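give me coordinates for this.
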Amino acid sequence: LLAAAQVEQITLSNCLALFVMVGIGSDLIFVFTEAWREAKTKMDGTEETLVRRLKCMYIQAGGSCCATSMTTAGSFLANLASV
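This next block holds a predicted model:
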């Protein structure tokens, strides 16, 4: 895998970047999963299409995604400052 990406060595910054991406991404997975379930309950009784459900999900999850990403980034920065 590393040869295919033409990476000769793995540095600390590569590991930190992966850590940050996984940290932020894992928060967003939980937010989107809950918003997907919530969208289904809000659409009971109406014609449910994939496009309508996705639109409802993104409207609900937008603010939460911003909030969780900012708090995670703030947490990483606070930990970085304490080192």
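
need the residue closest to the centroid of the chain.
The centre of the chain sits closest to L28, judged by CA atoms, centre = their mean, with a distance of 2.7 Å.

mind checking pLDDT for that residue?
Here, the pLDDT recorded for L28 equals 89.

quick one, phi psi at it?
Here is the backbone geometry of L28 (degrees, to the nearest 10): phi -70, psi -30.

equivalent analysis for S82, please.
Backbone torsions of S82, given as degrees, to the nearest 10, read phi -80, psi -10.

that one: neighbour count?
Using other CB atoms under 10 Å, S82 has 6 other residues around it. All C-beta spots, glycine's among them, are computed from the backbone N, C-alpha and C.

do the same with A39
A39 has 20 nearby residues by other CB under 10 Å.

could you report the separation of it from C65?
Taking CB to CB, to the nearest Å as the measure, A39 falls 14 Å from C65.

give me the three-state assignment for Q9.
Under the three-state scheme (DSSP: H, G, I helix; E, B strand; the rest coil), Q9 adopts coil.

neighbours around it, how many?
Residues lying near Q9 (other CB under 10 Å) number 6.

thinking again about what came up before, residue contacts, the nearest residue to the residue nearest to the centre of the chain once chain neighbours are set aside?
Once flanking residues are discounted, L28 sits nearest to C65: 5.7 Å by CB to CB, 6 or more residues apart in numbering. Neighbour list for C65: 28, 31-32 [criterion: CB atoms under 8 Å, 6 or more residues apart in numbering].

before we move on, back to that, contacting residues around the residue nearest to the centre of the chain?
Applying CB under 8 Å, 6+ apart to L28 gives the contacts 65, 68-69.

kindly report the same for I24.
Contact analysis of I24 by CB under 8 Å, 6+ apart lists 68-69, 72-73.
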